[in-house]
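In: curious how this folds, go ahead:
(2 chains)
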There are 2 protein chains.
Amino acid sequence: MTRFEFEIHATDGKARTGTIRMRRGEIRTPAFMPVGTAATVKAMKPESVRATGADILLGNTYHLMLRPGAERVARLGGLHRFMNWDRPILTDSGGYQVMSLAALRKLTEEGVSFQSHIDGSRHMLTPERSMEIQRLLGSDIVMAFDECPRADRPLAEIEASMELSMRWARRSRDAFDAGGEHAERSALLGIQQGALDERLRARSAEALQQIGFDGYAIGGLAVGEGQEAMFATLDFAPGQLPEDRPRYLMGVGKPDDLVGAVLRGVDMFDCVLPTRSGRNGQAFTWNGPLNMRNARHAEDTGPIDHDCFCQVCKAYSRAYLHHLHKAGEMLGAMLLTEHNLSFYQALMAGMRSSIASGTMDRFAAAFIDRYRRPPG
Amino acid sequence: MTRFEFEIHATDGKARTGTIRMRRGEIRTPAFMPVGTAATVKAMKPESVRATGADILLGNTYHLMLRPGAERVARLGGLHRFMNWDRPILTDSGGYQVMSLAALRKLTEEGVSFQSHIDGSRHMLTPERSMEIQRLLGSDIVMAFDECPRADRPLAEIEASMELSMRWARRSRDAFDAGGEHAERSALLGIQQGALDERLRARSAEALQQIGFDGYAIGGLAVGEGQEAMFATLDFAPGQLPEDRPRYLMGVGKPDDLVGAVLRGVDMFDCVLPTRSGRNGQAFTWNGPLNMRNARHAEDTGPIDHDCFCQVCKAYSRAYLHHLHKAGEMLGAMLLTEHNLSFYQALMAGMRSSIASGTMDRFAAAFIDRYRRPPG
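Out: Below you'll find the model as predicted:
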């Protein structure tokens, strides 16, 4: 049984393309993982998510522990069966969302106690409980429990937080390894912290490698620091992590963020942007984002994107998408989410083949030029 | 080119099964038409609607004239192309919805003037304008413009309203016939009025037949009179209409309403119930309706209905549907709408084959017994 293998097929500068092999299926990298927050990729049936080209989904520990509850999901046969997705699922640790969503948070060495944003009930997340929840869900790729401060906090605070996350990484590793059969069938990823600081990031990377993980995430970015600061950090952070292990940039991003991060050596991404934007009327295209609610689309019989091969662009006009979003019809969210996820997967596929053929620089330059050019 | 042919394959008591043949496809009767109010069957992609077994959709003149507008739909190539549905579409006349939804209505011999419930703009619906709108939409089955009073109004008022509707039926026929090519490719149905009164219904049926229509609808029912009064009216109303033309009971109904109406000779139905209920968490099953939000489903790994063959019942548990509806996830509405429409189509298919085999009485009795029995 293949637990977790990462094979790099080709590199092009710092960019890499490869395959992660797991029991539930293969993940082509660079990979974009749609977010299935509450056991559903919002407004999408799982077979439609797969049809866009997704190899793996992300599930949120924080949301699932509160509703329907990890023990309940386990009694119902695990998250895959519950939501009808038989391919790999990566679960986050809950660390980031408990700090951004929960009420009355209290952070200690032990973990985070908090009140549910849904019903006010009291809960506690620790490295041990996070590992238990991710095991109960049946996660294929488990994330270590960490704390993620805003990048603009004082450096001493960033440093103390990073050191806490490294102690939690050790406890996560131990708790994961004690998980019996689940530990033999799934992978555990550590999360580098240290905000924008190269020295702290290096210390974090060193600490994680001493513990040892199947792959390494870059945490603490995409928290408001802006693309320039993020790219400056990605100029050194991926290189601090082992070359032969997948690198996962959490919570990123816009299409041009993805291209810039792949150029800098990142292999995996997740973001709510294509799904959330789809519900809000924003379409991603090779010529940049479009607001489908804009009146200029009202009588446009063309597709969202003439260069898109998705099912939505084959069958529906901008005028129809405009109508559905103006009328608040669910189908508007369904179709635009499907298009956006398809666009993201097409972008990843384009990067994979460009890396394989040694043309990633040209692909990236042409993409950015077209994506950012004002519509003609 | 087949404009509109109705062939009855078998009868069983008053119940009939047959096929309506039109340019855009065949409609198996008794038929249930899902409602696509604003150019979308809410929460469903059109290919999924077709996969439930639907041969024809209903579109609402009132909603479409206000948004996106009939002239705009025509410029965009018609309703079929706009919403990506290439099979027959029946459009209502707007007469019923303008009286139930619009503000500041004023009814005259000419028609109804009103204010849009969306943006307050002023509009006028007349038989001529209703025919024009339905032509602009590219409707396959056009409904005559009528007035539909509540069944509990004084008889003199019902009578005057019915007589107005018959004058409007004449004007609808004339305006439809002047529609050029569209008139040669589509069908026009008259609408019988007269509420619960046998004498008025007979006069209405007579007036309609003197004008001559491709089929005849039974209007003015399912407006709060209750099933008993509706069935009492259906004991005579269908028999007042031509035997060789389809009979369409507008706005009906619950599964047991459909069975009772088919037994009394009705061929076509439309209703928002399966779609609206799907969004609200109500599932239809062979054992009666279920509220998926009920806590007793929270850990039920079984399907919504063990005897249902739909895609939803194959892949998803009651527990998952419960979770999605409690969490307010769009996928809950999507899956439950798909199940409910599948259930309605399975019920129609069951009636069609029972009529064909001469066992409709037994099918109906067994269905009603099981559907109304309290869960064991």
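In: could you check how many residues crowd around A:S204?
Out: 31 (other Cβ atoms under 10 Å in any protein chain shown). For the C-beta atoms, the positions are set from N, CA and C on the backbone; glycine is no exception.
In: part of a strand, is it?
Out: No - read with DSSP: H, G, I helix; E, B strand; the rest coil, A:S204 is helix and lies in no strand.
In: and the closest residue to A:L331 other than its chain neighbours, helix, strand or coil?
Out: Nearest non-adjacent residue to A:L331, counting by Cβ to Cβ, 6 or more residues apart in numbering or on different chains: B:T40, 4.5 Å away. Look at B:T40: counting by three-state DSSP, its state is coil.
In: in contact with B:T40, which residues?
Out: Neighbouring residues of B:T40 by Cβ atoms under 8 Å, 6 or more residues apart in numbering or on different chains: A:324, A:329, A:331, B:83.
In: which one of those residues sits in the busiest neighbourhood?
Out: A:L331 (27 neighbours).
In: part of a strand, is that residue?
Out: No - with three-state DSSP as the criterion, A:L331 is helix rather than part of a strand.
In: that one reaches B:K42, doesn't it?
Out: Yes - at 7.3 Å, A:L331 counts as touching B:K42 under the criterion of Cβ atoms under 8 Å.
In: quick check: beta-bridge partners of the residue nearest the centre of chain A?
Out: Centroid-nearest residue in chain A: A:D270, 1.5 Å away (criterion: Cα atoms, centre = their mean). A:D270 has these beta-bridge partners by DSSP bridges: A:M33.
In: residues touching it, list them.
Out: Counting by Cβ under 8 Å, 6+ apart, the residues that A:D270 touches are A:32-35, A:58, A:90, A:248, A:250-252.
In: other SSEs contacting whichever helix or strand A:A169 is part of?
Out: Using DSSP states H and E, the element containing A:A169 is helix A:155-177. Using 3 or more Cβ pairs under 8 Å, 6 or more residues apart in numbering or on different chains; DSSP states H and E as the contact criterion, the elements in contact with helix A:155-177 are helix A:127-137, strand A:187-192, helix A:198-211.
In: quick check, pLDDT for A:P375.
Out: A:P375 is assigned a pLDDT of 65 by the prediction.
In: same check, this time on A:L58
Out: 98.
In: tell me the bridge partners for it.
Out: Going by DSSP bridges, A:L58 forms beta bridges with A:V35, A:L90.
In: any idea how far chain B is from it?
Out: Computed with Cβ to the nearest Cβ, to the nearest Å, the distance linking A:L58 and chain B is 16 Å.
In: what number of residues lie near that residue?
Out: For A:L58, the count of nearby residues is 24 (other Cβ under 10 Å).
In: up against chain B, what does chain A have?
Out: A:38-40, A:42-45, A:67-68, A:72, A:75-77, A:82-84, A:298-299, A:301, A:315-317, A:319-320, A:323-324, A:326-327, A:329-331, A:333-335 (Cβ under 8 Å from any Cβ of the partner chain).
In: residues of stretch A:25-34 that come out buried?
Out: Within stretch A:25-34, the residues that count as buried by 16 or more other Cβ atoms under 10 Å in any protein chain shown are A:26-34.
In: and if you look at stretch A:237-254?
Out: Neighbour count says stretch A:237-254 has A:237-238, A:240-241, A:245-254 buried, by 16+ other Cβ under 10 Å.
In: quick one: end-to-end length of that stretch, please.
Out: 19 Å (Cα to Cα, to the nearest Å).
In: figure out how far it is from the centre of its chain.
Out: 11 Å (Cα atoms, centre = their mean, to the nearest Å).
In: give the rounded mean pLDDT of it.
Out: 98.
In: for stretch A:196-214, same thing?
Out: For stretch A:196-214, the mean pLDDT works out to 98.
In: gap between it and the chain center?
Out: Computed by Cα atoms, centre = their mean, the separation of stretch A:196-214 from the middle of its chain amounts to 20 Å.
In: give me the contact list for it.
Out: Counting by Cβ under 8 Å, 6+ apart, A:4, A:141, A:144, A:151, A:155, A:158-159, A:162, A:165-166, A:169-170, A:173, A:187-194, A:216, A:225, A:229, A:232-233, A:236-237, A:240-242, A:245-246 sit against stretch A:196-214.
In: one more time with 6 Å, if that's ok
Out: Identification of contacts with stretch A:196-214 by Cβ atoms under 6 Å, 6 or more residues apart in numbering or on different chains yields A:4, A:151, A:159, A:162, A:166, A:169-170, A:173, A:187-190, A:192-194, A:229, A:233, A:236-237, A:240-241.
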